[in-house]
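# sequence and predicted structure, then a few things I'm wondering about:
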Amino acid sequence: MVFNRVCILFLVAAAMSSPTMSSATEFIVGDDSGWTLGFDYQAWAEGKNFQVGDKIIFKYLEGAHTVVKVNATGFQKCIKPPANEALTSGNDTIVLATPGKKWYICGVGSHCDLGQKLAINVQPLALSPDISPSPSPVAAKRPFLMNPHWW
Ligand SMILES: *[C@@H]1O[C@H](CO)[C@@H](O)[C@H](O)[C@H]1NC(C)=O
Ligand SMILES: *[C@@H]1O[C@H](CO)[C@@H](O)[C@H](O)[C@H]1NC(C)=O
Ligand SMILES: [Cu+2]
């Protein structure tokens, strides 16, 4: 009896965790162009669905560029943080751990001013409806209660 229950718990846990694992995506920033000058990263990011757990990978010739995470102001004005905050490997992988807007710029010379900057919006993880566990009574009622058409 106990064994069966444990088995079921494992199956449920596997069913709940597998979609998040299989849906994690690795994005090569700039695709084949990589992280470089003369590329429109806003156009590249547009329409892409970045989710928590996904990875973005900046690829470039080591020494030619860097990757620095900045805030909205730093992005707009190309304010370069201290050099020790920069990623410099040429194969810099960033795991998108939290939802929300993220901004990255190149810290070399005036590359950021020349447009080598990336802004993305990371979506929170959502379980797809067909595999989510049975909703609690409260959760089941919420769409009805919260539906603005009913007010
Ligand atoms: C944004 O970053 C700059 C420099 O890196 C810092 O001076 C500023 O306080 C930051 N702004 C916010 C709102 O965090
Ligand atoms: C780049 O880093 C990823 C892991 O983040 C690794 O799998 C891959 O082999 C690396 N590629 C190169 C060319 O170093
Ligand atoms: Cu650069």
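On my side now, so go ahead. Ligands and ions are numbered 1, 2, ... in the order given.

# low-confidence bits of the protein, can you list those?
Across the chain, the stretches falling below the confidence threshold (pLDDT under 70) are 1-23, 127-151.

# what does it put close to ligand 1?
Residues of the chain found near ligand 1 (C-beta under 6 Å from any ligand atom) are 71, 73-74, 79, 81. (C-beta placed from N, C-alpha, C; glycine too.)

# give me the buried subset of the residues you listed.
residue 74 (16 or more other C-beta atoms under 10 Å).

# for the residues of the chain next to ligand 1, work out which two are farthest apart.
Longest distance between any two of these is 11.5 Å, between 73 and 81; criterion C-beta to C-beta.

# may I ask which helix or strand encompasses residue 98?
When elements are assigned from DSSP states H and E, residue 98 belongs to no helix and no strand.

# count of residues packed around it?
Other residues within reach of residue 98, judged by other C-beta atoms under 10 Å, total 9.

# do the one 5 residues further on as well
Counted by other C-beta under 10 Å, the residues lying close to residue 103 total 17.

# pretty sure it contacts residue 121?
No - contact status for residue 103 versus residue 121: not in contact, 10.4 Å apart, counting by C-beta atoms under 8 Å.

# does residue 44 really touch residue 28, like I thought?
No - with contact defined as C-beta under 8 Å, residue 44 does not count as touching residue 28 (10.0 Å).

# contacts only, for residue 40.
For residue 40, the residues meeting the contact criterion (C-beta atoms under 8 Å, 6 or more residues apart in numbering) are residue 115.

# also residue 101?
Applying C-beta under 8 Å, 6+ apart, the residues contacting residue 101 are 72, 119-122.

# mind giving me the PyMOL command for buried ones among those residues?
The following PyMOL line selects those of the contacts of residue 101 that are buried, judged by 16+ other C-beta under 10 Å:
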select buried, resi 119+120+122
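
# and the contacts of residue 101, which two are furthest apart?
The widest separation within the contacts of residue 101 (C-beta to C-beta) is 14.3 Å, between 72 and 122.

# so where do the helices sit in the chain?
When assigned using DSSP state H, the helices of the chain occupy the ranges 2-23, 41-45, 72-77, 137-146.

# and stretch 79-87, how far apart are its ends?
From its first residue to its last, stretch 79-87 covers 16 Å (C-alpha to C-alpha, to the nearest Å).
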